[in-house]
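Asks: need a structure here:
(chains A and B)
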Amino acid sequence: MKLVLENVSLEINHERILENVDLEATVGTPHSIIGPNGSGKTSLLRVIAGIYKPTQGKVRIEGTPEPRRVIYYLPAEPGVFPGLKVIDYLQIALGLKGLYGETGITRVMDILEEFKADKHLYRDLSTLSSGERRLVYLAAAAASDRSIILIDEPTSHLDLKWAITAMNLLMNRLRGKVFIFTTHDVNIASAFSKQTTVISNGRVYASGGPGEVYSRELLRRVYGVDLVEFTDSEGRRFYVPST
Amino acid sequence: MTGKKQYGIVSQYKRTLSITLLITLLLFVGEVYLGPIHYTPSQVTSALLHKTGKASTVVWDIRLPRAVGAILTGLVLGISGLLLQVALKNPLAEPYLLGVSGGATLGVIVSLATLPALGYIGMNIAGFIGAILAVSLVILVGELTGYNVYAVILAGVAVGGMTASLALVIFITLQGGRQLGMLWMYGTLSLVGWSEALQLLVPAALILLYLALYYRQLNLLLLGDEQALSMGVDPRSARRAMIIVSTITVGMLTTYTGPIGFIGLMSPHIARMLVGSEVKRLSILAIPVAISLTLLADLMARNLLPSGQEAPLGSMTALLGVPFFLYLLSRRPAET
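Replies: Numbering: from 1, shown residues only, chains lettered A, B, ... in the order given. Alright, predicted model coming up:
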């Protein structure tokens, strides 16, 4: 299965949000989208999710008869109904059968345990910490049976340990799927994606493998900051602020 | 481990539902056996079985249709509350607090004052128009405030207050039927006979059918608009449909019962506290809870006052509902 964006442009209220965006994502190649605030990352994900209709260009999903049914999209801040319980969320998001999702829940139990989402199945989402809540949302995305998983800011609200753990779990669980995520953290993108698209002002600034695409110069031009670069043994590049 | 837990909670759910249904049944029996005119249980039973004796007319022509009316009223109000809460993403929403019932009341009174010859059909249509106008005002405030939970409710209460006052002014100019009319203005089931109960089947069937057909949409809306959209539900049109269906049905209901508050607020909340928010699971319980609350409030309305006087049902539901509403308000906004 393959997801292809061809020359996608998006206008909202006569404002150009995306311009001539091309993107290709395939199974087993986690794809990150990075870029400054307001660059169009989330809008791009929403176009792929079918929430926004592109004003121009096409979103094509190859290798499936019914494209709408294959996408699972997790927004950065899903505005869930106040008082929704964890089990309600999982049951609805994953379409689990049975009064309390009891016929489907065993299938996804391992994943819920990995994300520590099994501990508070009967609690209100609103009573969890923002990090715990995020892990529930991520567990659902990881457990989804859909084959294209889109996550806006997977590591938001997570501490360092859980950001890394959750990304590793997602990599593992979504290995056989098309997985696209946006992130503010270039190091997360560097460590966990095999393909990256850098967006700036609604346009693709650069795309390819993060090892090839990211550089001090590119990040300085896109974000306007000076960074110090490190390269690990696998050729992945990481950045810290220069003092 | 959790698999077992899941089955545990399913049996707990079944127990909760059974107890609720039992309470509903008991209240239904109470509605038939108790009333301002005192009959012994055996007199009522004999009237029920043989349609003879002096209790027969009261039991068959007054109490039974009224009890059936209470069931249909509870059903419409309970589901309508649920629909409005999900549609407006507002756990405090319900037809009375949103001004829907008040708008319908005003519509019905206007129809009575201007075109009394049209009868129930005129009142039904006018009730619906009044309800739609009232809810449109509230939605306008919602649009302007980003659907702020409290702003929407305040707007609803204000519109409800205004429409009720206007209805009262017009009502005073009407001739005849003062006492019954007054009762109706504050909500009552005393006008529901067999023919009205039969007509109440229409809004009840309509709202129940809508819920049965669209509960999946409601469920997806609980996940938030973006996720719902990505799963193929357009939140805007789904919301519009839900508000229209609950407004039509409550508009029709109000023609027969007058405005009845808080049932639509309390029943989804009580059910939600017991079994969570998933719409199918929730509504299977919320409907009998709503029916029970209506029957309980009507039993109070008919039996609490001395010397056979009847209190308005709306006063009784307010007596039950206002403390509940205040309790919800006093909790942190995130949990309401």
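Asks: Show me which residues of the stretch 151-300 of chain B sit near chain A.
Replies: B:219-227, B:229-230, B:232, B:272, B:276-278, B:280-281 (CB under 8 Å from any CB of the partner chain). For every residue, glycine as well, the C-beta is placed using N, CA and C.
Asks: Remind me what the strand or helix carrying A:A191 packs against, helices and strands.
Replies: Per DSSP states H and E, A:A191 falls inside helix A:186-192. Identification of packing neighbours for helix A:186-192 by 3 or more CB pairs under 8 Å, 6 or more residues apart in numbering or on different chains; DSSP states H and E yields strand A:31-34, helix A:160-173, helix A:210-213, strand A:237-241.
Asks: Note down every partner strand of the helix or strand that that helix is followed by and its orientation.
Replies: Downstream of helix A:186-192, the first helix or strand assigned by DSSP H and E is strand A:195-200. The pairing partners recorded for strand A:195-200 under DSSP bridges are strand A:31-34 (parallel), strand A:203-208 (antiparallel).
Asks: is it possible to export those to JSON lines including mean neighbour count and mean pLDDT?
Replies: Shown next, in JSON lines, are those (neighbours: other CB atoms under 10 Å in any protein chain shown; pLDDT from 0 to 100):
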{"stretch": "strand A:31-34", "mean neighbour count": "26", "mean pLDDT": "98"}
{"stretch": "strand A:203-208", "mean neighbour count": "17", "mean pLDDT": "96"}
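Asks: so where does A:V228 fall, helix or strand?
Replies: Assigned by DSSP H and E, A:V228 belongs to strand A:227-231.
Asks: what comes into contact with that strand?
Replies: A:215-216, A:219-220, A:237-242 (CB atoms under 8 Å, 6 or more residues apart in numbering or on different chains).
Asks: now stretch B:184-199
Replies: Residues contacting stretch B:184-199 (CB under 8 Å, 6+ apart): B:61-62, B:65-66, B:68-70, B:72-73, B:105, B:120, B:164, B:167-168, B:171, B:180, B:183, B:200, B:256-261, B:298, B:301, B:310, B:312-315, B:317.
Asks: Pull out the buried residues from those.
Replies: B:62, B:65-66, B:68-70, B:72-73, B:105, B:120, B:164, B:167, B:171, B:183, B:200, B:256-261, B:298, B:301, B:310, B:312-315, B:317 (16 or more other CB atoms under 10 Å in any protein chain shown).
Asks: From those, which land in helices?
Replies: Using DSSP state H, B:65-66, B:68-70, B:72-73, B:105, B:120, B:164, B:167, B:171, B:183, B:200, B:256-257, B:298, B:301, B:313-315, B:317 are the members of those that sit in helices.
Asks: circling back: buried ones in the strand holding A:V228, by neighbour count?
Replies: By 16+ other CB under 10 Å, the buried positions in strand A:227-231 come out as A:L227.
Asks: and it, average pLDDT?
Replies: Here strand A:227-231 scores 93 as its mean pLDDT.
Asks: Output it as CSV, restricted to C-alpha atoms.
Replies: Written as CSV, here are the backbone C-alpha positions of strand A:227-231 (Å, rounded to 0.1, in the frame of the first residue of the first chain):
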residue,chain,number,x,y,z
LEU,A,227,22.2,24.6,16.4
VAL,A,228,25.1,22.3,17.1
GLU,A,229,25.0,19.0,15.2
PHE,A,230,25.9,15.5,16.3
THR,A,231,26.0,12.5,14.1
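Asks: how far is that strand from where the chain is centred?
Replies: Its chain's C-alpha centre and that of strand A:227-231 lie 24 Å apart, by CA atoms, centre = their mean, to the nearest Å.
Asks: Please identify the pairing partners of it and their relative orientation?
Replies: Using DSSP bridges, the strands paired with strand A:227-231 in its sheet are strand A:237-241 (antiparallel).
Asks: And the average pLDDT for the helix or strand containing B:P323 is what?
Replies: Per DSSP H and E, B:P323 falls inside helix B:313-330. Computed over helix B:313-330, the mean pLDDT rounds to 94.
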